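Engineer: Sequence and predicted structure, then a few things I'm wondering about:
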Amino acid sequence: MVIPDAVRATVLRRFGRLDRAGRTTLMQASAIGYRFHLRVLVAVGRASEARVRAALDGACELQLIVLEHANLERYAFRHALTRDIVYAEFVEARVRPLHRRIVGALEVAAAAGDVALADLAYHAWAGGDARRGVRYNERAGDDAAAVHAHDDARMHYGRALALVSVGTDAFLRLSRKLERVASG
């Protein structure tokens, strides 16, 4: 299932407001499933029950999860998409460092002219490297748009857009570029 970028950005913005322990707890909960029990989460995690409860309280405040049954201490993600997005973060957290190392190696190889811009763009984006991801994806989008490869341009601009905060100059600039290729 394709998750709209706006939904993903909203969930990730809320998720990012949790502290590191809270994000870890919620990622572990996402691996359990859409619904999860406090006892199971405490058993699989490496945090005390008090820390897990605090993390879950924070996630509830941010409307990422809801307490389904107080007596049974059962929780659920507010929406199935929320769980999917958090779970994807869990998976990506394990592969992002690899993509960051790959983009670094590709930059070195690019000095010799042996690397495609699309490869740099992909690995910077997959590595969650906002600075390089925006730069390479925007350039790749510009190159694709210049030769009327609108699907590729939309993909690259969309990736770059996912790495910037809403309302920033970069967000506005990339949004305009994305609108231009969407109508083209």
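Structural biologist: Structure's in. What do you need? These numbers come from a predicted model, not from an experiment.

Engineer: if you skip the residues just before and after it, what's nearest to residue 123?
Structural biologist: Counting by Cβ to Cβ, 6 or more residues apart in numbering, residue 123 lies nearest to residue 103, which is 4.1 Å off, once chain neighbours are set aside. For every residue, glycine as well, the C-beta is placed using N, CA and C.

Engineer: Now for the one you found, how many residues are close by?
Structural biologist: Here the number of neighbours of residue 103 (other Cβ atoms under 10 Å) works out to 24.

Engineer: how does this structure divide into domains?
Structural biologist: Domain assignment of the chain by automatic domain parsing yields the ranges 5-82, 116-183.

Engineer: Reformat the ones you listed as TSV; add distance to residue 92.
Structural biologist: TSV is the format used below for the domains of the chain (distance: least, Cβ to Cβ, whole Å):
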stretch	distance to residue 92
domain 5-82	10
domain 116-183	7
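
Engineer: closest to residue 107 out of the ones you listed?
Structural biologist: In terms of Cβ to Cβ, the element of the domains of the chain nearest to residue 107 is domain 116-183, at 6.9 Å.

Engineer: Show the end-to-end separation of the closest one, please.
Structural biologist: Terminal residues of domain 116-183 lie 27 Å apart, using Cα to Cα, to the nearest Å.

Engineer: Would you mind giving the secondary structure of the most far-flung residue of the chain relative to its centre?
Structural biologist: Centroid-distance maximum for the chain: residue 71 at 33.3 Å, with Cα atoms, centre = their mean. Three-state assignment for residue 71 (DSSP: H, G, I helix; E, B strand; the rest coil): coil.
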